[in-house]
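Undergrad: coords please:
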Amino acid sequence: MSPINILIVDDREENIIALEALLNRDDINLFTTTSPNEALKIAWDNSISIALVDVQMPEMDGFELVEVLKSNPRTRDILVLFVTAISKETKYAVKGLGTGAVDYLFKPLDPYVTSAKVDSFIQLARTQLDLKQKNEELQNYAIVVKNSADIICTVNAETLRILTINPAVEKITGYKPASLLGKSISMLAQQEETDLFEKHLRAVVTDRTAFGCFECKFETLSHEVKWIECRVAYRNGTLFINISDITNQKNFQSDLIRSKEIAEYARKVKERFLANMSHELRTPVNGIMGITDMLSKSDLNAQQQNMVNLLGTTSQSLLGVINDVLDISKIEEGKFRIVRTPGNTRSIIQSVVDLLKYKADGKDINLELHIDQGVPEYIMVDSLRLNQILMNLLSNAIKFTEKGWVKLSVKVLESHQDKSKIEFCIEDTGIGIAQDRIDRIFDSFEQADDDTAAKYGGTGLGLAIVKKLIELKGGELKVSSKPGKGSLFCFTNWYAEAEQIKDSRPKPSVKSLAPFENVRVLVAEDNLVNQFMLSKILKDWHVTIEMVDNGQKALNKLEEEDFDLILMDTHMPEMDGYTAARLIRHKFDEPKSSIPIISLSAASFDHEQEEALQSGMNEVLAKPFQPYQLHDKMSKLLRMKV
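TA: The predicted model follows:
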């Protein structure tokens, strides 16, 4: 509780001292003066609540001082007690009260009377200050309510009739505030929402909840529909309501939802398109690569062997483009995963250099490899993706270098416990990249210059994939280049060291794989080239086969005959492989309902492979595949069947 300020004005110092002695207490602040002019200054500079003023003073008497105080808005609320030794006659009392005083103290002062009167006026002053403060607050609230952008109103809780409402209602609904007083608040709600609106309001009253919030629609004077948010509080039979116009937010929210639905639909269309393209492209490539592999192992003269080798290189190049398109899509969709397993660092790097050496030799370019001794021999790495990064960067360096050299350097920048930060740098003496074009080369389907694709070929996806692959596991890629001088691509990442691993077994040829004895296989495949390739591979393994070109024919053939295993393509006309597998698992009796099924799918998306397994297939073999991979899966499932 703040102290009350009291002013004592008396031309005699001893009277002031006597009053100070009587009024000395903790809940008041005393200001004293013997000069009426100084008293005016004190009253002006301080919030004086009570003044004890002597009547008879030189220069200006008490009556004149009080008249001045009461004439000023800043000091007119001071409670004045006259202190006087003159007559107690009525005419003097009337004169004092007429100037604005509230009471008299007569000299000689009675200590008890003085203390009692001053105490009562202190309480009165406190009440007066509280009222003043509350009035100021009410005035501030009134300003806020009047100027609020929201509708603020009070409503009779029983009748729902409007008691007060601010001007914002006209801006939001078009109705003038005066025209709504005494009318039901529910008239503002859209006709279809009136009952629900009233139900929400009455729920606040019935449940005695301190606060309620809901959304509904209002209909304006011009019949425009607006969304509003209504916040309601209840007290003493009155509803206090704040209504906000949220039409813009609702429209924005609807636009966002619509945009999300469109984007989701577009994503699904794109996903279906890529899935179909994956199948339609990978399936013939699988056939081309399979037949090329068979031809390369047949008796050919040197010219024919060269042609077959070119066919194999071309099909591998085509598969690389297909994989790039699918990989960039997966990365953008957030469905690309990096899986690190133990790998031989030098073997991974050397295999990339060996694969690309023929390209460098063909252009008479030196392809150099430098691996520091400090590089760990075995690390936890996604070998396929590291291979992909190095292959892209080295291929680009060779492609854009007409003379000179391309160099791959690998070294450890720093180590911490069992982890090493390894840097891979690919440097060339090629055409280089302009400084303002460096960022552009990492955009999908973009190249450094508009005529680069025409001169050198390529999709413009390689570097985009490289950058995204490096960054997926927290790596960093840096580029520096000078046109006509060459380029330097360096990427770094942390790798955990791994224990030595056994080298994987060499890939065997078709004929070196062990034959299957007394095995009957049903093949469901609609592509003629793949039918021929599978037929040739399986016959080399002494397998008896039946070939059909859709899922329905596979079901019909399975009803007529017994088989040990089914090779099922997923995308086929009339009935796809997923549907056929589900029907086999649920419609056939044992043992046919449990027959092993291998999905020969060109699917590249994880969800397609998951769908194959969920439909009842035992294994998924993605096209294109090597014969030994098919042999391994067949051997595994046939052993399990026995």
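Undergrad: any idea which helix is longest in this structure?
TA: With DSSP state H setting the assignment, residue counts place helix 247-296 as the longest helix in the chain.
Undergrad: Quickly note the distance from residue 287 to residue 144.
TA: 78 Å (CB to CB, to the nearest Å). C-beta coordinates here come from the backbone N, C-alpha and C atoms, glycine included.
Undergrad: Looking at those two now, which is surrounded by more residues?
TA: Shown here are residue 287 and residue 144; by other CB atoms under 10 Å, residue 287 has more neighbours (22 against 11).
Undergrad: give me every residue that touches that one.
TA: With contact set as CB atoms under 8 Å, 6 or more residues apart in numbering, residue 287 has these partners: 527, 529, 530, 532, 533.
Undergrad: got the contact list for residue 382?
TA: 338, 339, 340, 341, 473.
Undergrad: pretty sure the fourth one contacts residue 384?
TA: No - shown here, residue 341 and residue 384 do not form a contact pair, counting by CB atoms under 8 Å, at 9.9 Å.
Undergrad: Tell me which of the contacts of residue 287 has the lowest pLDDT.
TA: Scanning the contacts of residue 287 for pLDDT, the low point is residue 529. It has 76.
Undergrad: Below-threshold pLDDT in the stretch 201-350 of the chain: ranges please.
TA: Along the stretch 201-350 of the chain, segments meeting pLDDT under 70 span 208-210, 271, 274-280, 282, 310, 313-314, 316-317, 319-337.
Undergrad: one step back: please type out the ChimeraX selection for whichever of the contacts of residue 382 turn out to be buried.
TA: Those of the contacts of residue 382 that count as buried under 16 or more other CB atoms under 10 Å are selected in ChimeraX with:
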select :340
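Undergrad: and the two most separated of the contacts of residue 382?
TA: Spatial extent of those (CB to CB) is set by the pair 341 and 473 at 13.3 Å.
Undergrad: looking at this structure, which helix or strand is least sure?
TA: Within the chain, no helix or strand scores below helix 452-456, which has a mean of 42 by mean pLDDT, DSSP states H and E.
Undergrad: helices or strands next to the next helix or strand after that one in the packing?
TA: Heading C-terminal from helix 452-456, the first helix or strand you meet, by DSSP states H and E, is helix 462-472. Other elements packing on helix 462-472 under the criterion 3 or more CB pairs under 8 Å, 6 or more residues apart in numbering; DSSP states H and E are helix 302-332, helix 383-399, strand 476-482, strand 486-496.
Undergrad: could you say what helices and strands the shortest one packs with?
TA: If you count contacts as 3+ CB pairs under 8 Å, 6+ apart, strand 476-482 packs onto helix 462-472, strand 486-496.
Undergrad: go on, the last one?
TA: Other helices and strands packing on strand 486-496, by 3+ CB pairs under 8 Å, 6+ apart, are strand 378-381, helix 383-399, strand 419-428, helix 462-472, strand 476-482.
Undergrad: and those as a markdown table, adding mean neighbour count?
TA: Formatted as a markdown table, these follow (neighbours: other CB atoms under 10 Å):
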| stretch | mean neighbour count |
| --- | --- |
| strand 378-381 | 20 |
| helix 383-399 | 21 |
| strand 419-428 | 20 |
| helix 462-472 | 20 |
| strand 476-482 | 15 |
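Undergrad: Any idea which of these has the lowest pLDDT on average?
TA: Note on the helices and strands packed on strand 486-496: helix 462-472 shows the lowest mean pLDDT, a mean of 78.
Undergrad: Extract the C-alpha set from that helix and format it as PDB.
TA: Output in PDB follows, covering the C-alpha atoms of helix 462-472 (Å, rounded to 0.1, in the frame of the first residue of the first chain):
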ATOM      1  CA  GLY A 462      24.900 -36.300 -62.400                       C
ATOM      2  CA  LEU A 463      26.200 -33.400 -60.300                       C
ATOM      3  CA  ALA A 464      22.700 -32.800 -58.800                       C
ATOM      4  CA  ILE A 465      22.700 -36.300 -57.600                       C
ATOM      5  CA  VAL A 466      26.300 -36.100 -56.400                       C
ATOM      6  CA  LYS A 467      25.600 -33.000 -54.300                       C
ATOM      7  CA  LYS A 468      22.400 -34.500 -52.700                       C
ATOM      8  CA  LEU A 469      24.100 -37.800 -52.000                       C
ATOM      9  CA  ILE A 470      27.100 -36.100 -50.300                       C
ATOM     10  CA  GLU A 471      24.800 -33.900 -48.200                       C
ATOM     11  CA  LEU A 472      22.500 -36.800 -47.200                       C
END
